[in-house]
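Asker: Next come a sequence and a model predicted from it.
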Amino acid sequence: MRIAIFSDNFYPELSGISDSIATTARELGRRGHTINFFVPKYRARHFKIANFPVEEINLGENVNVQRLRSLPFPGPNKQSRAVTPFGVNTLRVKKFNPDIIHTHLFFGAGWRALVAAKILKVPLVGTSHTPISEFVRYSPIKTEWLKRWSERYVSWYYNRCDFVSAPSGAILKEMKRYGFKRPSQVISNPIDSSSFTPVSERTREKLRKHFGLSGRTILYTGRLAPEKNIDVVMRAFALAKKSFPDLNFAITGHGSARESLEALAFELDLGKNVKFLGTLHKKEFVKIYQAADIFAIASTAETQCIAMMQALAVGVPVIGVDWLGLGEYVKKANGMLVEVGDYQAMAKKMKLLLEDNKKYKTQAALGLAAVQNYSIDKIADQWKKTYSKILNNA
């Protein structure tokens, strides 16, 4: 099978989207399928922000990456690029001769996917990763007309596809309210359970020392952006710390919210107990999960949250908010949920897990068991069957 994948977000930009599509493509390529990516061209500084070498990603001999002309685009991670919506790329796609085209976002690269599929008469698959109403809420322009227009546009865009997936049912439900009618299904993003694995308590203690963590640790990983509501987790941590003075809060990643979070840590007098670790290399990134005791996230913009699923894969219990994809996946993984913004309830959950070792071990085991359903192997199987079904019906 020959698959052309278009996305406005890709390596080296740090995001769950770029991670998940690269991971899936690597596995499909390993199985003998041929994949061509059509994605934005980034500058050297974008690689350096993510601590990546300035070189193309290697996804195996059957996976090729073609870069599209792109322009600077404002974003919280300072890496975003905007692909020009129209360009001479149809001939490049035609030369690749895909059996199927898969579009992952609805901006410039997404428009190029629509045009290529139309001209080449190739089936078009779409994946909607974005709860658009939440992102509009945090955009510089906060108006009801923009929210309605954005949701209608997204629904219109994915109505051009033969089949559409999303990592959570909440996204599909949102689009259907605004006219989306195409065949659709929830398909999870894959979790790299070969890298993210549990460790012994002895190893966890060594890793804590490696990162300069003095005791048990709450972890957040991901973009430092307003919609992630990391301040809620920090306030919950501040309350839990009153009962556990040596408790740490480790924060990885980069983004526009870091300065305000540092100010909040100072205001709450959290001192050295809050560690801003920045953007970590892959091996160090896995280790910080293995050093943690609890993963906490209060984001209202998650369709699934790869970072949370990685925590489950290393046997770390999760506390999240009951909203969008977090509510769907944390329930399945038998994690713990609180209402949006309720840092006091989140603090109580932290204390419960830290005080009750039996409860802690039960949550860790149940989460670890649940996340096996989203392994790379199983998700690649699902996509192979989905692509084959679409081609057979074309």
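Answerer: Arrived safely.

Asker: Backbone dihedrals for residue 163, please?
Answerer: When read as degrees, to the nearest 10, the backbone of residue 163 gives phi -160, psi 140.

Asker: Near it, how many other residues are there?
Answerer: Using other C-beta atoms under 10 Å, residue 163 has 21 neighbouring residues. Every residue, glycine included, has its C-beta placed from N, CA and C.

Asker: and it, bridged to which residues?
Answerer: Note on residue 163: beta-bridge partners residue 125, judged by DSSP bridges.

Asker: got it, and residue 68?
Answerer: Under the criterion used (DSSP bridges), residue 68 bridges to residue 40.

Asker: what's the helix ranked longest in the chain packed up against?
Answerer: If you go by DSSP state H, the chain has its longest helix at helix 376-393. Counting contacts by 3 or more C-beta pairs under 8 Å, 6 or more residues apart in numbering; DSSP states H and E, helix 376-393 packs against helix 16-30, strand 100-103, strand 124-127, strand 163-166.

Asker: To residue 354, which of the ones you listed lies closest?
Answerer: Nearest to residue 354 among the helices and strands packed on helix 376-393 is helix 16-30; the distance by C-beta to C-beta comes to 27.7 Å.

Asker: outside of the closest one, which residues touch it?
Answerer: Contacts to helix 16-30, defined as C-beta atoms under 8 Å, 6 or more residues apart in numbering, come from residues 1, 3, 5, 7, 9-11, 35, 37, 57, 59-63, 104-105, 129, 167, 189-190, 192, 304-307, 376-377, 379-380, 383-384.

Asker: out of the residues you listed, which are buried?
Answerer: Listed as buried from the contacts of helix 16-30 are 1, 3, 5, 7, 9-11, 35, 37, 57, 59, 62-63, 104-105, 129, 167, 189-190, 192, 304-307, 376, 379-380, 383; burial here means 16 or more other C-beta atoms under 10 Å.

Asker: Off-centre distance for the longest helix of the chain?
Answerer: 21 Å (C-alpha atoms, centre = their mean, to the nearest Å).

Asker: For that helix, output the C-alpha coordinates as PDB.
Answerer: Output of helix 376-393 as PDB, limited to C-alpha atoms (Å, rounded to 0.1, in the frame of the first residue of the first chain):
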ATOM      1  CA  ILE A 376       1.800   0.800  18.200                       C
ATOM      2  CA  ASP A 377       1.200  -2.700  16.900                       C
ATOM      3  CA  LYS A 378      -2.500  -2.600  17.600                       C
ATOM      4  CA  ILE A 379      -3.100   0.900  16.200                       C
ATOM      5  CA  ALA A 380      -1.100   0.000  13.000                       C
ATOM      6  CA  ASP A 381      -3.300  -3.100  12.600                       C
ATOM      7  CA  GLN A 382      -6.400  -0.900  12.900                       C
ATOM      8  CA  TRP A 383      -5.100   1.600  10.300                       C
ATOM      9  CA  LYS A 384      -4.200  -1.200   7.900                       C
ATOM     10  CA  LYS A 385      -7.700  -2.600   8.100                       C
ATOM     11  CA  THR A 386      -9.200   0.800   7.700                       C
ATOM     12  CA  TYR A 387      -7.200   1.700   4.600                       C
ATOM     13  CA  SER A 388      -7.900  -1.700   3.000                       C
ATOM     14  CA  LYS A 389     -11.600  -1.300   3.600                       C
ATOM     15  CA  ILE A 390     -11.700   2.200   2.100                       C
ATOM     16  CA  LEU A 391      -9.700   1.000  -1.000                       C
ATOM     17  CA  ASN A 392     -12.000  -2.000  -1.400                       C
ATOM     18  CA  ASN A 393     -15.100   0.300  -1.400                       C
END
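
Asker: average pLDDT for that helix?
Answerer: The pLDDT scores in helix 376-393 average 96.

Asker: cool, stretch 235-253 as well?
Answerer: For stretch 235-253, the mean per-residue pLDDT is 97.

Asker: rewinding a little: restricted to strands, list the contacts of helix 16-30.
Answerer: Mapping those onto strands (DSSP state E) picks out 3, 5, 35, 37, 63.

Asker: how about those residues in JSON lines, adding distance to residue 182 and pLDDT?
Answerer: Output for these, formatted as JSON lines (distance: C-beta to C-beta, whole Å; pLDDT from 0 to 100):
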{"residue": "3", "distance to residue 182": "19", "pLDDT": "98"}
{"residue": "5", "distance to residue 182": "19", "pLDDT": "98"}
{"residue": "35", "distance to residue 182": "23", "pLDDT": "98"}
{"residue": "37", "distance to residue 182": "23", "pLDDT": "97"}
{"residue": "63", "distance to residue 182": "27", "pLDDT": "98"}
